[in-house]
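Novice: just to be clear, the model below is a prediction. Sequence and coordinates:
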Amino acid sequence: MSASANKLRLGPLPRTESVKITFACTAALKSELERYAAMHAQAYGEAVEAVALIPHMLEAFMARDRMFHRRSEK
């Protein structure tokens, strides 16, 4: 497998300031987040808790939402 084939959509996590919020999800989503966190750790060589992935996933999602950006610019 090539090096690029081992990369996940969410790359290495940057060090940033954060604000704590409460997040509730289904047990199935929690399980998937934990599985993704394990794969992320394997791909980038640094353990990360699933909860640390959520803000980065949301940022990536919002960055790619064209309708959100179109309406935000008006």
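Specialist: Received it, and whenever you're ready, just let me know what you need.

Novice: low-scoring stretches of this protein, by residue?
Specialist: 1-6, 74 (pLDDT under 70).

Novice: show me where it has helices.
Specialist: Taking DSSP state H, the helices of the chain run over residues 27-44, 50-63, 66-72.

Novice: could you list every helix and strand that the longest one packs against?
Specialist: Spelled out, that is helix 27-44. Other elements packing on helix 27-44 under the criterion 3 or more Cβ pairs under 8 Å, 6 or more residues apart in numbering; DSSP states H and E are helix 50-63. Just so you know, the C-beta spots here come from the backbone N, C-alpha and C atoms, and that holds for glycine as well.

Novice: give me the most central residue, the protein.
Specialist: The centroid of the chain falls nearest to M57 when counting by Cα atoms, centre = their mean (2.9 Å).

Novice: excluding chain neighbours, give the residue nearest to C25 in space.
Specialist: In space, and not counting its chain neighbours, C25 is closest to L33: 7.6 Å by Cβ to Cβ, 6 or more residues apart in numbering.

Novice: ok, the one you found to F68 distance?
Specialist: 22 Å (Cβ to Cβ, to the nearest Å).

Novice: of these two, which one has the most company?
Specialist: Neighbour count, other Cβ atoms under 10 Å: between L33 and F68, L33 has more, with 18 against 12.

Novice: quick one: that one and A52 touch, right?
Specialist: No. Counting by Cβ atoms under 8 Å, L33 stays clear of A52, with 9.8 Å between them.

Novice: and for the nearest residue to K30 once chain neighbours are set aside, the neighbour number?
Specialist: Excluding the flanking residues, the one nearest K30 by Cβ to Cβ, 6+ apart is A50, at 7.1 Å. Neighbour count for A50, taken as other Cβ under 10 Å: 18.

Novice: tell me the contacts of A50?
Specialist: By Cβ atoms under 8 Å, 6 or more residues apart in numbering, the contact list for A50 reads K30, L33, E34, Y36, A37.

Novice: hmm, 7 Å instead?
Specialist: Residues near A50 by Cβ atoms under 7 Å, 6 or more residues apart in numbering: L33, E34, A37.
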